[in-house]
Structure formats: structure tokens, C-alpha cells
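Asker: Need coordinates for the below:
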Amino acid sequence: MRALASLIVLDKYAAQPVYLQIADQLLVLIKNGTIGPGYRLLSSRSLAIALAVHRKTVVRAYEDLTAQGWLQSVRGHGTYVNRQLPIPDSQSFSERPVLNADPNKKAGFALAPAEHLQRTVIKIDTAYHLDDGYPDLRLAPLQELSRAFQTQLRSNHAFGRLGYGDPQGSIRLREVLSDYLNETRGLKTTAGNILITRGTIMGLYLASTALLKPGDTVAVGASGWKAADTNFLQAGAKLVRIPVDEHGILTERLEEICAQQTLRMVYVTSHHHYPTTVALRADRRLALLRLSEKYRFIIFEDDYDYDFHYLNKPLMPLASADHAGMVLYCGSFNKSIAPGIRVGYLAGSENVIASLSLLRRIIDRQGDVVLENAMAELLQLGIIQRHLRKAIRTYRERRDLFCNLLTRHLEDKVSFMIPEGGLAVWTVFDPAIDLKKLAASALKNDIFLNDGSGQSISGAKAHALRLGFASSNAEELEHIVTTLRKII
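Answerer: Numbering: from 1, shown residues only. Presented below is the predicted three-dimensional model:
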């Protein structure tokens, strides 16, 4: 043991306490079989002398390993390696085959491949950006939100605000949100019809996991949102793609598919189709609802940017005309306020919402009650509504400017339809332009250009991108488009 003590190397200037250094290095000797079960250690005094440390330091190291079950202390006889430990392999530690060179990087067990989960995480840190259609955070009512948040933290009812709450979400937000959705979207909800989520992604995950079985078929647009596809595939569903034209998904083709196979769900972005921004025409809305009632499939209506419509009043969602309980309506404040404000919602029949709440409870327990109540206050005081009215005017001006800039500087390179709403322009590029290289070149000029990684397009791929204009002001848009012209 005196010879083994020479294997213990201490650094008295390290951040780790000396007693832990001793304990950790003894543990390595035990684990690799250098000292086996029943081995008698030096007395604390002798080891302290050998290591030139205080005896109490060694005592604490021994006590630490004893408490963990690695050592045994026998009064009057000394301290031993626990005799109940398994006898290590007869091979010396140095002779054992290396199964994994770096367990921090690669686990020793197998992982099933999941190609559908391999999606790029978008992080924008450039000075300029044409993103996927994000709001301008400089316009968000952050001061008002901060005050409302602080009010919640300072409440006298701390346990109700900061303790465990309802997995379905803050009752105050659900009540206020129910009134808001009924007034602005023509829904007929109560608080029991609403589940608060952390955004559309959580809503998709909950619905996919709870309502789909492996082998179920989900209909999605031929062009669509890759994150939605990912959730359906993760649930084991099969995807069938419906053609999309300038008026949304082709319900005639959907009806043909329904006659041939059973659909469990149809995913639709009815207000501004993702990624093309087109609105689902009124006759197709009615047809979709009729088909849902006839063939009993769920409609998951993702209304991701309902609040931003420029030419007229926004179209009422499918959920407002759902008389059979077939629509699950999903929205969030991520586009209205900021992507980092993770508050979204699902609206549907009470029994469905209750079922999804049970699932939500085992993956997240509950949301941020303080934030949810703060959002309720902003809705109740009309702050969000005033923010949206101001934002709509600003974004409409930016949309017009951006479309003029595209026409003036890139007329021979791009084509597009001016969108009636939303925060992005669906822009078709000259086929000769390599969009990946264009995005890479833009990045070198401190411009983030959405490269279409979030889009899911089957068949003949459109040579097009969603170019988000809303998050950039007039000067920034001018700089971006003129720079892209130079790059092209």
C-alpha cells in the first residue's frame, strides 16, 4: 500500500479539494482491480505522512468512500476495500481491450438511427437576415411583459404562482385566451377547451403521440413544414402528400385518397400555407370540413401567423366552422411577440384536451405559470392587441418595400406573388442560381439567408425560398437586397 500511495498524485492548487483528489484516485485503483475486495488500506496517519497532508484530510477521503460503499471500516482492525465488491477481471487494467476510446463522445450502447430527426438547428447571429419569417424583436412589448412578469413574482400568493400547477396551463390565461380566440377567430371555446403549450412544436408532438398509432396515415401538403413531418414520422405514421396550388391544398385529390385508404389526420396551414404563404380558398375550406366529417379524420390546423394579414380581415380558421369536433386548432405567441417567448395553445374538444394534458404532464409537468399569467395580463389590458395593430402597419410597409426592392434589383433573377399576409415572401429563383452557395456567400457578407432547410417539398422541387422581411427595417432590407444582387 505504501508503494501504491506513490500512484496518488495531488495538486494542492487545484480547484478540487485535496480529500476528493485522494478519494477519486483510490476509487480508480479499486475499479481497475489494482486493489481488490478485502484489501487493507494504510492507516489514515500513515497515508497522510506518505502524501504529506493532514491526517483529517485522509480521514475525510476514507469516510467519503465508506459512505459510498467502496470501503469498510472495522473498529480496531483498520479500513478495507469492501469485501462485497465483485472481484475484477483477472486481466490487468492495461491489458483489457479498449471498447470505447472516448465515452464522452460515444456511448457504449447502440443507438437506433433516426434520419427524420437530423435537422439543422438554426441560429442567427449575423447583423442582417432574411429568415424564415420571424417578427422584429425590437417591436415586441418587452417592457410591458417585464413589468407583468415582475408583478407575478412579487405576488403575495407565491405558492400559487411558483408551485406546481395545472398541466393544462394557467387557468387565468386559458380564460382570457378563450375570450380572445372567440372574439378574434370566431371560436366557441371555454377554458376547458384550451391546453397551454410551449409552442406549435409541442402541440404537434402531443397530438402526434397521443392521437396517432404506428402505421396510421397522415396527409400533408406536397410542400410543407419539415418539423411537422418529423413529428408524424416520430409517431410511426406514414405520410401521404397532397398537391398544393395557388389556392392551397387540392381537396379533390384528398377526396380521391380518402376513397382509397383510411386517413387518421390531415395537417394544414390554412391561413398562410407553409412555405408558399397562399390562403386556402373558401370552397376548399368547406370541402375539407365536409371530408373530415364524412371520413372521420382529424384536422390539425396550424395557424402559425394568423395575426398578420394585410389586405383585408383575416380569414376565419377552420375551427370556427367545425360543428363535428374534428379540428384541433393550434397557435402561439412566438410570431406575435418573439420566438423565445414560449407560449402556445391547442384548442379542441374537452375530452381531447384532457387526454393531451395527461401526456403533457409526463414530459413537461406544466408550463411557466409566471409567464403564462403575465401573458394573460397583457391580453386582458389590450397590450398585445395594440402591439399587433402597430406591428401589422409596420410589417405591411416592410412587405411593400421588400417586394419593390426585389423587383428593382433582382427582377431578372426572381419571381414572386405579393403575399396577402404573413412575414415572408415565397420567392422563386432563376434555376441557374445555386441556393446553397448563395446562402453561404451571403453569410460571408454578414447576411443570414434562409436556405430552405425547414421546408419539405416532394416531387419536382420548386427552386424557391421563404424570405422573411419582417425582422429587418428599411435600411437593412435595402442593404440585404443590393448585396444579394452583387453576390449573384
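
Asker: Give me the three-state assignment for the residue nearest to Lys226 when sequence neighbours are not counted.
Answerer: Of all residues not flanking Lys226 in the chain, Ser456 sits nearest, at 4.2 Å (Cβ to Cβ, 6 or more residues apart in numbering). Heads up, the C-betas are built off the backbone N, CA and C, glycines and all. Three-state assignment for Ser456 (DSSP: H, G, I helix; E, B strand; the rest coil): strand.

Asker: Please report the distance of Ser456 from Ser223.
Answerer: Look at Ser456 and Ser223: by Cβ to Cβ, to the nearest Å, they are 7 Å apart.

Asker: same question, Ala338
Answerer: 27 Å.

Asker: the more surrounded of the two?
Answerer: Set Ala338 next to Ser223 and count neighbours by other Cβ atoms under 10 Å: Ser223 wins out with 24 against 18.

Asker: most centrally placed residue in this protein?
Answerer: Residue closest to the average C-alpha location in the chain (Cα atoms, centre = their mean): Ile201, at 6.0 Å.

Asker: which residues in the stretch 251-400 of the chain form helices?
Answerer: 251-260, 282-295, 350-363, 369-380, 383-410 (DSSP state H, counting those that start in this stretch).

Asker: out of those helices, deepest packed?
Answerer: Ranked by average neighbour count under the criterion mean count of other Cβ atoms under 10 Å, the helices of the stretch 251-400 of the chain are headed by helix 369-380 at a mean of 21.

Asker: Pull the contacting residues for Ser472.
Answerer: Shown in contact with Ser472 (Cβ atoms under 8 Å, 6 or more residues apart in numbering): Tyr128, His129, Leu130, Asp136, Arg398, Ile480.

Asker: neighbour-wise, which of those leads?
Answerer: In the contacts of Ser472, the most neighbours by other Cβ under 10 Å go to Leu130, 27 neighbours.

Asker: That residue contacts His479, doesn't it?
Answerer: No. Counting by Cβ atoms under 8 Å, His479 is not a contact partner of Leu130; they are 11.1 Å apart.

Asker: which residues are in contact with both of the two?
Answerer: Between them, Leu130 and His479 share no contacting residue, judged by Cβ under 8 Å, 6+ apart.

Asker: pLDDT weak spots in the chain?
Answerer: Applying pLDDT under 70 to the chain flags residues 1-2, 88-100, 158-160, 458-461.

Asker: That one - how does it break down into domains?
Answerer: Per automatic domain parsing, the domain ranges recorded for the chain read 2-94, 128-133+386-487, 141-382.

Asker: any chance of those domains in TSV, plus distance to Ile122?
Answerer: Shown next, in TSV, are the domains of the chain (distance: least, Cβ to Cβ, whole Å):
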stretch	distance to Ile122
domain 2-94	36
domain 128-133+386-487	7
domain 141-382	10
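
Asker: which stretch among those comes nearest Ala112?
Answerer: Of all these, it is domain 141-382 that lies closest to Ala112, at 12.0 Å by Cβ to Cβ.

Asker: now the end-to-end length of that closest one.
Answerer: 12 Å (Cα to Cα, to the nearest Å).

Asker: before we move on, what about stretch 192-212?
Answerer: 22 Å.

Asker: repeat for stretch 442-462
Answerer: Stretch 442-462 end-to-end distance (Cα to Cα) = 21 Å.

Asker: And for stretch 312-325?
Answerer: End-to-end span of stretch 312-325 (Cα to Cα): 28 Å.

Asker: Pull out the buried positions in that stretch.
Answerer: Residues of stretch 312-325 classed as buried under the neighbour-count rule (16 or more other Cβ atoms under 10 Å) are Pro314, Leu315, Met316, Pro317, Leu318, Ala319, Ser320, Asp322.
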